[in-house]
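Q: Got a predicted model here, sequence first, then my questions.
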Amino acid sequence: MKKALAAAAVVFSAVLVWCPPSHAIDTYAAGDAATGISTSRHNLGGTGVFTRTGNTTEICVFCHTPHHSNTLSDIKPLWNRQTSVSLSGYTAYGTTLAGTIINNTDLGSTTLACLSCHDGTTTYDNLVNAPGKNGVEPNGSDRAWEFITLDEVVSDFMTSSRLNIGVSLSNDHPISVPYKDTVAGLRPTDTVINDIDLTTGLASSAFGFDGGNLNKNLWAVKGYISETAQISDLLRETNGEMRVECSSCHDPHFNNKSWNEVDATWSSESSTQEDESNGLFLRRVGGNTGSGVCRTCHNK
Ligand code: HEC
Ligand code: HEC
Ligand code: HEC
Ligand code: HEC
């Protein structure tokens with residue numbers, strides 16, 4: 001009996017090993033739209049599969065509104081949330097090795113947008129223009145909605161230590177840092193991302209790894225997977241300088257699941273959608289395989 005069970009277990013695990021992943025690796029080609037927010041962790045409405053509320057089925061409303069967006073904070077685009085804390089509540093990176101100084105007043109709009117959830121101080125439902133006819137509060141107000149994850153009521157703001165970036169940005173990759181191509185091995189801003197050579201000299205396995213994404217180096221830019229985008233397309237302007245912001249490396253709408261490390265964390269057993277992992281919203285097809293995200297800007 002025990003033997004039979006053991007044999008069955010072997011067969012079962014063999015079957016699991018042979019199951020094709022729910023999403024094939026490298027499913028994105030140039031020209032594809034960088035889609036998938038509705039199936040990602042950024043769908044907080046009732047149709048979402050992870051953290052969600054029963055109070056609305058809208059998806060975009062947690063971040064954007066077509067009218068009455070937050071002008072008090074000057075956050076774009078069409079931002080529908082309260083800004084978490086005043087700028088002075090953050091700690092910017094400070095001074096880099098090359099002597100570049102980043103102050104709190106340099107923090108860019110799209111970074112403050114991400115932080116309006118990811119610094120762990122503002123509730124997900126702190127909205128300016130509530131869905132439907134539910135009213136406008138100029139700098140947002142907490143709508144007192146209940147959120148659930150895996151059928152358990154959860155906190156309505158970021159508590160996960162992995163996902164909570166916090167108000168100190170001093171332990172994160174320099175954010176809102178101006179991009180100067182004379183330091184840190186940074187490539188010229190007019191470098192075509194797709195032309196960057198990330199494979200020469202690597203083991204031959206690197207060429208085919210995860211769908212060969214190190215050869216292609218495709219990034220999502222302006223909502224599409226692009227083979228013509230330049231590094232300048234990843235930068236955003238604040239205080240007259242082009243800077244690296246959260247949205248340089250991440251696209252909050254792109255449910256990017258194009259690399260092994262992410263696919264491997266998909267649930268193979270119960271396969272309820274709620275167990276599934278997301279692709280960290282990285283802009284690069286293949287994620288950070290071979291440190292492709294880092295080496296796109298840094299010629300290291
Ligand atoms: C979790 C927050 C969040 C949600 C939800 C969200 N967005 Fe965005 N959106 C952003 C941020 C942040 C930016 C700025 C990104 C950048 O700098 O590239 C943005 C930019 C955009 C842009 C302009 C840049 C681009 O990528 O095309 C469009 C269009 C857009 N969003 C549409 C939508 C629509 C439509 C929805 C709902 C289906 C949606 N967004 C949901 C955060 C969000
Ligand atoms: C409306 C609130 C909100 C905003 C704004 C927002 N996020 Fe998120 N984000 C979330 C939530 C909620 C989760 C999932 C939390 C959980 O797993 O319980 C998440 C998850 C993530 C993850 C992890 C995904 C994974 O697979 O584990 C990343 C990366 C991320 N967000 C980046 C960003 C970036 C970058 C921005 C700005 C461009 C942004 N977020 C803006 C709410 C937000
Ligand atoms: C220079 C590129 C870059 C910038 C800028 C950047 N990120 Fe990330 N982020 C990454 C990479 C790469 C990963 C995946 C790391 C890994 O594989 O563990 C990541 C992971 C994350 C995660 C998941 C954390 C984890 O370890 O699971 C969150 C949340 C996140 N980023 C949010 C943000 C927010 C918010 C900002 C702006 C304050 C930001 N990121 C700016 C590159 C960047
Ligand atoms: C969008 C372009 C871009 C990407 C992608 C990027 N960086 Fe950077 N990185 C910069 C800029 C700009 C600076 C600031 C250089 C300066 O002025 O000192 C920087 C600085 C750094 C520094 C030096 C910080 C200091 O205090 O001097 C390190 C280390 C670094 N990056 C590592 C990484 C890693 C690791 C990744 C991948 C996860 C990465 N970078 C991805 C643009 C980028």
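A: Sure, I can see it. Ligands and ions are numbered 1, 2, ... in the order given.

Q: any idea which helix or strand carries residue 188?
A: Under DSSP states H and E, no helix or strand contains residue 188.

Q: what sits against it?
A: For residue 188, the contacting residues are 181, 231, by CB atoms under 8 Å, 6 or more residues apart in numbering. In short, each C-beta sits where N, CA and C put it, glycine included.

Q: On the pLDDT front, check it for me.
A: Per-residue pLDDT puts residue 188 at 98.

Q: same deal with residue 271?
A: On the pLDDT scale, residue 271 gets 47.

Q: Please look at residue 233 and residue 224 and confirm they touch.
A: No: Residue 233 lies out of contact with residue 224 (CB atoms under 8 Å); the separation is 10.9 Å.

Q: what does the stretch 1-150 of the chain have sitting close to ligand 3?
A: By CB under 6 Å from any ligand atom, the residues of the stretch 1-150 of the chain that approach ligand 3 are 111, 114-115, 118.

Q: can you put these in CSV and add pLDDT?
A: Formatted as CSV, these follow (pLDDT from 0 to 100):
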residue, pLDDT
111, 96
114, 96
115, 95
118, 96
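
Q: Among the residues you listed, name the ones in helices.
A: The helices, defined by DSSP state H, take in 111, 114-115, 118 from these.

Q: Tell me where the protein has helices.
A: 2-18, 109-118, 205-216, 246-249, 260-263, 292-297.

Q: coming back round to it: the ones in helices among the residues of the stretch 1-150 of the chain next to ligand 3: which ones sit near ligand 1?
A: residue 114.

Q: and of the ones in helices among the residues of the stretch 1-150 of the chain next to ligand 3, the nearest to ligand 4?
A: residue 111 (12.6 Å; CB to the nearest ligand atom).

Q: residues contacting that closest one?
A: Counting by CB under 8 Å, 6+ apart, residue 111 has contacts 175-176, 245-247.

Q: Who wins on neighbours among those?
A: In terms of neighbours by other CB atoms under 10 Å, the contacts of residue 111 top out with residue 176 at 28 neighbours.

Q: Quick check: the gap between that one and residue 244.
A: Residue 176 is 7 Å from residue 244, where distance means CB to CB, to the nearest Å.

Q: Select the longest strand from the chain.
A: As assigned by DSSP state E, the longest strand anywhere in the chain is strand 136-142.

Q: Tell me the helices and strands packed up against it.
A: Applying 3 or more CB pairs under 8 Å, 6 or more residues apart in numbering; DSSP states H and E, one finds that strand 136-142 contacts strand 126-129.

Q: Now do the strand it packs on: everything it contacts.
A: Under CB under 8 Å, 6+ apart, the answer for strand 126-129 is 61-62, 65, 67-70, 79-82, 116, 135-143.

Q: out of those residues, which touch ligand 4?
A: Of those, not one also sits near ligand 4 (CB under 6 Å from any ligand atom).

Q: isn't residue 120 right next to residue 168, touching?
A: No: counting by CB under 8 Å, residue 120 does not reach residue 168; the two are 11.1 Å apart.

Q: Looking at the two, which has the bigger crowd around it?
A: residue 120 (18 against 13).

Q: dump the residue contacts of residue 178.
A: Here residue 178 is in contact with 100, 241-243 (CB under 8 Å, 6+ apart).

Q: Identify the bridge partners of it.
A: residue 243 (DSSP bridges).

Q: Enumerate the residues of the protein near ligand 4.
A: 96-98, 100, 173-174, 177, 179-180, 183-184, 186, 234, 244, 248-249, 293-294, 296-298.

Q: related to what we said a few turns ago, from the ones in helices among the residues of the stretch 1-150 of the chain next to ligand 3, which is closest to residue 220?
A: residue 114 (15.9 Å; CB to CB).

Q: how close does that closest one get to ligand 2?
A: Using CB to the nearest ligand atom, to the nearest Å, we find residue 114 at a distance of 3 Å from ligand 2.

Q: Nearest spatial neighbour of that residue, chain-adjacent residues omitted?
A: Closest residue to residue 114 apart from its sequence neighbours, by CB to CB, 6 or more residues apart in numbering: residue 246 at 4.2 Å.

Q: Would you agree the one you found is in contact with residue 107?
A: No: assessed by CB under 8 Å, residue 246 is found out of contact with residue 107, at 10.3 Å.
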